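Enquirer: A structural model of the following input is requested.
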Amino acid sequence: MTAVVLTVLIQAFVARVYVIPSASMERTLHGCTGCENDRVLVDKLAYRFGDVEPGEVVVFRGPEAWTSSEFRNPPSANPVARVVQNVGSLLGLAPASERDFVKRVIALPGQTVMCCDEQHRVVVDGEPLDEPYVHWQEGSSRADHEPFEPVLVPDGRLFVMGDNRMNSTDSRKQGGGGVAGTVPVENVIGKARWVVFPKDRWSVVSDHNPQPLG
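Expert: Numbers count the residues shown, from 1 in each chain. Got it, this is the predicted structure:
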């Protein structure tokens, strides 16, 4: 019992294991149909001591304008089943019950993001991004990148996108896109650090900064 209590406390305040049930972050995070969904350890302390940076993969609560949550697990009407569901969520054995999403940070407050340049790359503040983590589904390529008009990211908000660019409902589309698709920094729950299950997928989650340095 003590071990369970400690696990719940740690996951509530320090780090939590999330099940990835969506393919929007393929292939960085597996959540595909017919495969074993990744379980990812999310560091809840990361942004208490530092700021969100471009390229980091974050879990966040979906703002009001966002719909079709990737993590929603409607609570059971049965009170016993609901308790089991909630405990399973805390222990990383079931999807979280709240409206949580996992995406990669593309642009920060005050930056302008748009798509695309002549080489079909996403551009931030006039500079194309270096995005080795992007996954193109079979039959698609960077030339299929869906264009969107320039978005000036408001203060206190982030522009986020999924690595599986052809199968991610993110800041480009949520809330109708534009400023409405951006995410409040205060909604960020934590930084995805490690894939902890299945064991053949153990790895550090890439936080490659796509923006030109300097």
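
Enquirer: where along this protein do the helices fall?
Expert: 2-13, 79-90 (DSSP state H).

Enquirer: Least confident of those, on average?
Expert: The minimum mean pLDDT among those belongs to helix 2-13 (a mean of 42).

Enquirer: Can you list the low-confidence ranges for the chain?
Expert: Counting by pLDDT under 70, the chain has low-confidence residues at 1-14, 33, 68-98, 213-214.

Enquirer: Apply 50 and report the result again.
Expert: 2-13, 72-78, 80-85, 93-94, 97 (pLDDT under 50).

Enquirer: quick one, longest strand in it?
Expert: For the chain, the strand that runs over the most residues, judged by DSSP state E, is strand 188-197.

Enquirer: name the helices or strands packed onto it?
Expert: If contacts are counted by 3 or more CB pairs under 8 Å, 6 or more residues apart in numbering; DSSP states H and E, strand 188-197 sits against strand 15-19, strand 39-43, strand 57-61, strand 203-204. Every C-beta, even on glycine, is put in place using the N, C-alpha and C of the backbone.

Enquirer: Val188: which of those is closest?
Expert: For the helices and strands packed on strand 188-197, the distance to Val188 is smallest for strand 57-61, at 4.6 Å, taking CB to CB.

Enquirer: For that closest one, give me every contacting residue.
Expert: 18, 25, 28-29, 42, 52, 98-105, 158, 160, 183, 187-192, 205-207 (CB atoms under 8 Å, 6 or more residues apart in numbering).

Enquirer: give me that answer again for 7 Å
Expert: 18, 28, 42, 52, 98-105, 183, 187-192, 205, 207 (CB atoms under 7 Å, 6 or more residues apart in numbering).

Enquirer: Also stretch 116-133?
Expert: Contacts for stretch 116-133 (CB under 7 Å, 6+ apart): 28, 106-107, 111-115, 142-143, 145, 147, 163, 206, 208, 210-212.

Enquirer: Quick check, Gln107 in contact with Cys115.
Expert: Check again: residue 107 is Ala, not Gln. No: counting by CB atoms under 7 Å, Cys115 is not a contact partner of Ala107; they are 11.2 Å apart.

Enquirer: how many neighbours does the closest residue to Gly176 other than its chain neighbours have?
Expert: Nearest non-adjacent residue to Gly176, counting by CB to CB, 6 or more residues apart in numbering: Ala65, 7.5 Å away. Per other CB atoms under 10 Å, the neighbour tally for Ala65 reads 14.
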